[in-house]
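[1] coordinates only, sequence not included:
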């Protein structure tokens, strides 16, 4: 049996008919064609499906889609703004933080969540914030560097905004 | 050319003064820089397409029914109830694909779906295609399989001894069908040398078995079109081999099969042979006339496995009183699981790849691989050689301790340099000493080794690995790698190559080589790869072969085109072709003092060349050297164009009360020949060291024993199979050493597998430095370390 889910994703309102048991991840990927968020385990272990729900990083593979109605969902596809890439996206590219790239969308969601709360995190705070996102390629070294680089960019942008 | 057009071209070309300056100085203009990845933005924006991201109109969902028994005969399968379910479009069983397959042509012992026997829990028995996933799952539930449960063998020693239970039929009468491969090779007078050795260290070691656990589960889609072309999209790292095996098993013309490899979300050797799902989607698509997709669940990955073999190892190492290695004698028993996979090669690799970077006076190894009723083992990053390296590098540490010299010094004394190994492989470059120097210095080894308080320690280990294999998996004399390069009047270059981009950066590497050779900015290079309809044959991403082999092929094609372009420019300017350089978006006149400094946008140069020669394209290929191995049976296996070298120092803290080992830092120095992109090389070093760290401390592919759960995986999830998270990892310090191998493109060798090996023994040796215990069995979990500490206290 299908029902209509009404979702606000990356600022756009969608209505989509999905089986009642669908998770938010299944709805994003197979209902809306937003395939940026990945399924690695389908049980909340790997973090590849991480998206932002009202600004908080959540595991979309274990979230029934109905729980995401009336809330603000952001995925990797919505991260870049009109004026270009998010500093984290740029930093991941510059540092080589994505190898196979499969964990990257989820990593980015957790990192956005972190930097929205703390724009000057220590290495330990970065590691803690990303501890629910498994990466099998990098050993996390370059991911840490990317998040720290993005944080520095964000701080610089804020300073220049403030001085304007 | 119209002035506006020329201005536009110049605007493009003027953007890289750094490259032009480097070119003038005779240096590389693109290679050696920390260039961004070719597909980096696609990955950071979520637009990269992996197999499960593809959806075709009318696509059906496939699912595979798997055996609940580790060993059983299939008496009957009744699929009628499944077929009767509305929405079920096809059901397959073993009888639909009776031709056996296997990655190694001599050991084809698998079936896409079991014919009459299942050999491990999770063996594929039937497959369905249905309109949606729910219906497919219901169809699986409706298939009735009648099994006669057989005794299962879960211990390798039992497999060796058991004649009553034969997991596969013996290949010859009188043989034990449970033995998949036996290798005994001896180089030099081992027994005499051992007798004469002044120091002999003997020990038993155990590697526990681990799996790849890529974050992307295996996925495959097939579609058959009206022209009779069957296309299979798969998360494979070997499109060419997959194409061949699908043709064989489905009895189709290989020319009518197209294999496309979309972006792959990690592989590490776990996607380097055909899997049941690829055959099943292919036949289901043919039967239903609709596209079919199968996506493995995470549990299916753990049961499909092909991970690193558990090995029981016995090592005896004899040296002079100064520590010179006079004799190495090794015996290994490999637990292969239910199928051969790459096992023939693994069995050889477990001995053949140990013979550098040290000079070994004489060497004998005997390796036996047996079948057990467990998920099949295969190649994992550092195929077959991580386990023996663990045993040997600990042995060396024991030798150093016995003699009373620094373990780094012991390794220096035994450095082989270049030339022939004891088993007759040819090493043409060897930066191992620089690797040792780099980790010794970076780790402040001399201040730490043997000098830190109880509970803290450092350990060192070295290793060697291949950059591809000189012989392909199926015998043939054709090139192992090839590329086709097209240049176009807009200034765009397209590289068509067969290498499989699995995250290691092969697309970026080929793009950089093209940009280097043809003088275009990186943004003007397009890459088309790993699509058997569009690119020339490459054998795939295994044995660390892509940079060296496909890199050489790409370079060859680009050099041909570069010569054509330079000749056209030279003719235009009335100078010698040698005096024309291509760099940074320009064709430039070189020549120092006599130079008149002429230049033109490289697109204009391409146009001159096209005017003079017609449409511009060139092919390149790479043939491996065939004269660098010994003339003995198995002498070709492990023979490589070039060998990489690595040294690690690990620093640990061991809590003697709990047995918890906290690895603080791993310094990893790797001789990659030449870093074509240091950022990518560092990524490979860090990722390798990480994976070795996980295998040493946390990971274990364990199958349960005893009734009623015998044969079940102990922990088939990413929660319970513990791979390191961001808070578990030590600091990884990647140090690049360049030895410029004559066989590698621009001197480059591999970086993706070698740097994994030393992690495990370096940590073991560091634990010894910290608390005085030898951890000869993996993994170093707190309970095992604690127990070893207790035992060491009672024996003192």
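    Yep, it's here. All of these numbers come straight from a predicted model, not from anything done at the bench.
[2] quick one, domains of chain B?
    Residue ranges for each domain of chain B read B:3-30+B:472-622, B:52-150+B:218-295, B:311-471+B:630-795, as given by automatic domain parsing.
[3] CSV for the ones you listed, including mean pLDDT and mean neighbour count?
    All C-beta atoms are positioned from the backbone trio N, CA, C, and that covers glycine. Shown next, in CSV, are the domains of chain B (pLDDT from 0 to 100; neighbours: other C-beta atoms under 10 Å in any protein chain shown):
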stretch, mean pLDDT, mean neighbour count
domain B:3-30+B:472-622, 91, 21
domain B:52-150+B:218-295, 98, 21
domain B:311-471+B:630-795, 97, 23
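[4] give the contact list for the residue lying closest to residue B:740 once chain neighbours are set aside.
    Closest residue in space to residue B:740, ignoring its immediate chain neighbours: residue B:747 at 3.4 Å, by C-beta to C-beta, 6 or more residues apart in numbering or on different chains. For residue B:747, the contact set (C-beta atoms under 8 Å, 6 or more residues apart in numbering or on different chains) comprises B:429, B:673, B:674, B:738, B:739, B:740, B:741.
[5] nearest to residue B:203, of the domains of chain B?
    domain B:311-471+B:630-795 (5.7 Å; C-beta to C-beta).
[6] now residue A:73: how far from residue B:126?
    Residue A:73 sits 38 Å away from residue B:126, taking C-beta to C-beta, to the nearest Å as the criterion.
[7] likewise for residue B:662?
    Residue B:662 is 48 Å from residue B:126, by C-beta to C-beta.
[8] residue A:21: which of the domains of chain B is closest?
    domain B:52-150+B:218-295 (8.3 Å).
[9] what about that closest one, distance to the chain center?
    Computed by C-alpha atoms, centre = their mean, to the nearest Å, the chain-centroid distance of domain B:52-150+B:218-295 equals 24 Å.
[10] tell me which residue of chain A lies closest to chain B.
    Using C-beta to the nearest C-beta, the closest approach of chain A to chain B is made by residue A:36 at 2.5 Å.
[11] show me what contacts that residue?
    By C-beta under 8 Å, 6+ apart, the neighbours of residue A:36 are A:75, A:76, A:77, A:105, B:45, B:46, B:47.
[12] need phi/psi at the nearest residue to the second one once chain neighbours are set aside.
    I take that to be residue A:76. Closest residue to residue A:76 apart from its sequence neighbours, by C-beta to C-beta, 6+ apart: residue B:46 at 3.3 Å. In terms of degrees, to the nearest 10, the main-chain angles of residue B:46 are phi 80, psi 10.
[13] contacting residues for residue 104?
    Going with chain A. With contact set as C-beta under 8 Å, 6+ apart, residue A:104 has these partners: A:76, A:92, A:97, A:98, B:43, B:44, B:46.
[14] let me rephrase: I mean chain B.
    B:340, B:341, B:342, B:343, B:344, B:345, B:473.
[15] how near is residue B:40 to residue B:731?
    Distance of residue B:40 to residue B:731, computed by C-beta to C-beta: 24 Å.
[16] actually residue B:253, not the one I wrote
    In terms of C-beta to C-beta, residue B:253 sits 54 Å off from residue B:731.
[17] ok, now residue A:53?
    Distance, residue A:53 to residue B:731, by C-beta to C-beta: 33 Å.
[18] just residue B:204 next, same as before
    Counting by C-beta to C-beta, the gap from residue B:204 to residue B:731 is 32 Å.
[19] now swap in residue B:467 and tell me
    Remark: distance between residue B:467 and residue B:731 (C-beta to C-beta) = 28 Å.
[20] got it, and residue B:519?
    40 Å.
[21] one step back: among the contacts of residue A:36, which one sits closest to residue B:115?
    Of all the contacts of residue A:36, residue B:115 sits closest to residue A:105, with 41.3 Å by C-beta to C-beta.
[22] tell me the secondary structure for that closest one?
    Secondary structure, DSSP: H, G, I helix; E, B strand; the rest coil: residue A:105 is helix.
[23] what's the neighbour count on it?
    29 (other C-beta atoms under 10 Å in any protein chain shown).
[24] quick one: pLDDT of the residue nearest to it when sequence neighbours are not counted?
    Leaving aside its sequence neighbours, residue A:105 sits nearest to residue A:76 (C-beta to C-beta, 6+ apart; 3.8 Å). Note on residue A:76: pLDDT of 98.
[25] my guess is residue A:76 meets residue A:29, correct?
    No: counting by C-beta atoms under 8 Å, residue A:29 is not a contact partner of residue A:76; they are 11.9 Å apart.
[26] mind listing what residue B:224 touches?
    Residue B:224 sits next to B:230, B:231, B:285, B:286, B:289 when contact means C-beta under 8 Å, 6+ apart.
[27] span of stretch B:92-103 from start to end?
    With C-alpha to C-alpha, to the nearest Å applied, stretch B:92-103 spans 22 Å between its terminal residues.
[28] and for that stretch, what are the contacting residues?
    Contacts for stretch B:92-103 (C-beta under 8 Å, 6+ apart): B:74, B:77, B:79, B:108-116, B:125-128, B:238, B:241, B:245, B:248-251, B:272-274, B:279-280, B:283-284, B:287, B:339-342, B:473.
[29] quick one: which of the contacts of residue A:104 is nearest residue B:529?
    Taking C-beta to C-beta as the measure, residue B:529 sits nearest to residue B:43 out of those, at 15.3 Å.
[30] next one: the residue nearest to that closest one when sequence neighbours are not counted from residue B:590, what distance?
    Closest residue in space to residue B:43, ignoring its immediate chain neighbours: residue A:101 at 3.2 Å, by C-beta to C-beta, 6+ apart. As defined by C-beta to C-beta, residue A:101 lies at a distance of 39 Å from residue B:590.
[31] same deal with residue B:249?
    Per C-beta to C-beta, residue B:249 is found 56 Å from residue B:590.
[32] ok, the host helix or strand of residue B:459: who's next to it in the sheet?
    Here residue B:459, judged by DSSP states H and E, is contained in strand B:456-466. According to DSSP bridges, strand B:456-466 has the following sheet partners: strand B:643-654 (antiparallel).
[33] isn't residue A:46 right next to residue B:718, touching?
    Yes: applying C-beta under 8 Å, one finds residue A:46 in contact with residue B:718, separated by 4.9 Å.
[34] what touches both of those two?
    A:40, A:134.
[35] assign the residue in the stretch 551-700 of chain B positioned nearest to chain A to helix, strand or coil.
    Nearest to chain A, among the residues of the stretch 551-700 of chain B, is residue B:690, at 3.0 Å (C-beta to the nearest C-beta). Under the three-state scheme (three-state DSSP), residue B:690 adopts helix.
[36] and it, how far is that from residue B:601?
    Noted for residue B:690: a distance of 44 Å to residue B:601, by C-beta to C-beta.
[37] what of residue B:748?
    Going from residue B:748 to residue B:601 by C-beta to C-beta gives 30 Å.
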